[in-house]
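> only geometry, no sequence info:
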DNA sequence: TTGAAAGCGCTAACAT
DNA sequence: ATGTTAGCGCTTTCAA
């Protein structure tokens, strides 16, 4: 028994009874198939009117059970409190809602085993498809879902071994242009603090870095390419180490916003001033960037576009596979 | 028909057939009521084993339809891309998951009519309760749900006219202590740029501001208390105006992080330096605060705690009303 | 043009 | 200790 004050629920059956017609007729009208089944104009009108008067809303649980379609998308994010993901998520929600889908949100806490659990949970809940920004340690579980033909679009972090649609900003171009900018300003020894090395965004960003240097005939000093995580810690520690090793470099390319903050902290602690002593470019624009102690140049990512494209892609897939 | 490669679904019925027992028996065992119904150890064991072997997972749609309980919470947030809400949301998701609930996420885009639509959508989807950070323009729709005894907990923004559980940080204490801090350092003319004046968090923050001043016997100059929105624009414009009016003040209390950024922008444009020319305290701590051009002092909010308490409150309510 | 009936997967009251 | 049955609300095939 529901706790809500019990009004008799507005169901197809109730409407049918009131109108002295069958449930099927009501169903046909209300799912817009009145014409198709050649329901008489009179009946159709009566049903429509009563449904609106009684504020009939179909029960999605019943529909889902019957149709194996829930108008629901499972969204799995490694950390929804990361502003980048939060912005992507917002656009996903907006876009999905406009297409008549709801979002079930799962935070995998950057933990592959929770990612797997989330997939299972969402599968049990009969979502129509997945939008996932994978943790990225392993990919077997994703492969498995791909193999079973689940509509699934990967966001941001990609794992090249899986063949699934994938949406992210142009990571290559981002660093490519940023590093070129530095080169044009005369920098030749440019350090780079990267994120998780296995992830495609990171690989692409590094590729942009290499490409730019190469075009300027600058030999790449591998000892200036450090790091393996997108977090603040990594930026901090790796920058410290770079400075300790007395590597000579005049600029740093930080491959995420958190890395960038860590780098700033390290530089500050070591008494370096930006841009007086060193230049710094970060990745992933944020509202607050322009207010940083030092207005750090950043490569903007378009979260809205990422979210929007991913959602549209997924919904198209869902609908092609399981038309309404 | 589902698009997924069709394996015969693992249902109670399938298990029952295989084991030559009735569906009810299987159901009883699998919902942990074996003892209660005194199912024989042998039968129980067989069911359990097959269920695990076949990886049986009950269908939540069917359960929901039958039980009027979906183990689902509707979360309505005015802007999930706001880092404050994103962090609250994360904790909510984590906490809810641990209690066996899923989150359906709706972003009301700071729009009351979308907030109403979200409520209706979630109600139709038979969520067990709501967590909502209301837009706050009007409250009739919330009243209505409260009246119908829906489990619902308000987060962050409160509307005192509704009597519903409400969770936020201690807004009063936040500004109270911040302003006292300024007073202790000799400031006497302290401007305050506030957020949406109708909202309780804002009112509480303003109350803290007034209280602190009062305790220091500082008469309150109402012309130093300006603003009416939590956004960046408001901080920017109101600060500009304060400066233009040549009001004398030596410190500014900004009642949100976005207001604070707007204030920084305005001060910077006017050539004021923090803290040389003026002191500034913001509300709502952020990772990036310590990296701001000027390390602005801020009042921290504990998003984790807010999310955690709100979720626990709601789930307790749900379970008291509709025990498992 | 409409109705009857079956069934999606599950639970619970009522047998026995 | 377990089975039978009805039903949650909906869609759809088959029949009329």
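Cool, got the structure. Owing to the predicted nature of the structure, the values given are computational and were not obtained by experimental measurement.

> burial of the residue of the stretch 201-324 of chain A found nearest DNA strand C, as a residue count?
Taking Cβ to the nearest atom of the strand, DNA strand C has its nearest neighbour within the stretch 201-324 of chain A at residue A:322, 15.1 Å off. C-betas here are computed from N, CA, C, even on glycine. As a burial measure, residue A:322 scores 17 neighbours (other Cβ atoms under 10 Å in any protein chain shown).

> what pLDDT does the model give it?
pLDDT recorded at residue A:322 is 74.

> so it touches residue A:71, yeah?
No - contact criterion Cβ atoms under 8 Å: residue A:322 and residue A:71 do not qualify, at 10.6 Å.

> any common contacting residues for these two?
residue A:128 (Cβ atoms under 8 Å, 6 or more residues apart in numbering or on different chains).

> separation between the closest residue to residue A:221 other than its chain neighbours and residue A:134?
In space, residue A:221 comes closest to residue A:189 once its chain neighbours are excluded; the distance is 7.1 Å by Cβ to Cβ, 6 or more residues apart in numbering or on different chains. In this view, residue A:189 and residue A:134 are 34 Å apart by Cβ to Cβ, to the nearest Å.

> can you check residue A:221 too?
Distance of residue A:221 to residue A:134, computed by Cβ to Cβ: 32 Å.

> quick one: which of the two has more around it?
residue A:134 (24 against 14).

> which residues sit in contact with the residue nearest to that one when sequence neighbours are not counted?
Counting by Cβ to Cβ, 6+ apart, residue A:134 lies nearest to residue A:157, which is 5.5 Å off, once chain neighbours are set aside. Residue A:157 makes contact with A:78, A:133-136, A:168, A:196, A:199-201, according to Cβ under 8 Å, 6+ apart.

> confirm that residue A:157 sits in a helix.
No - with DSSP: H, G, I helix; E, B strand; the rest coil as the criterion, residue A:157 is coil rather than part of a helix.

> gap between it and residue A:74?
From residue A:157 to residue A:74 the distance is 17 Å (Cβ to Cβ).

> which of the residues in the longest helix anywhere in chain A are buried?
The longest helix of chain A (DSSP state H) is helix A:303-321. The neighbour-count check on helix A:303-321 (16 or more other Cβ atoms under 10 Å in any protein chain shown) flags A:303-304, A:306-311, A:313-315, A:317-318, A:321 as buried.

> list the contacts of the residue nearest to residue A:168 when sequence neighbours are not counted.
Spatially, and ignoring its direct neighbours in sequence, residue A:168 is nearest to residue A:156 (4.9 Å; Cβ to Cβ, 6+ apart). Residues near residue A:156 by Cβ under 8 Å, 6+ apart: A:84-85, A:88, A:133, A:167-168, A:201, A:306.

> can you pull out the helices in the stretch 151-300 of chain A?
A:171-184, A:200-215, A:232-244, A:257-269 (DSSP state H, counting those that start in this stretch).

> closest to DNA strand D out of those?
helix A:200-215 (39.5 Å).

> helix A:171-184 and the closest one, what's the angle between them?
Helix A:200-215 runs at 30 degrees relative to helix A:171-184, counting by axes from the mean of the first three to the mean of the last three Cα atoms, to 10 degrees.

> count of neighbours near the residue of the stretch 101-250 of chain A found nearest DNA strand D?
Closest residue of the stretch 101-250 of chain A to DNA strand D, Cβ to the nearest atom of the strand: residue A:126 (12.7 Å). Residue A:126 has 20 neighbours, counted by other Cβ under 10 Å.
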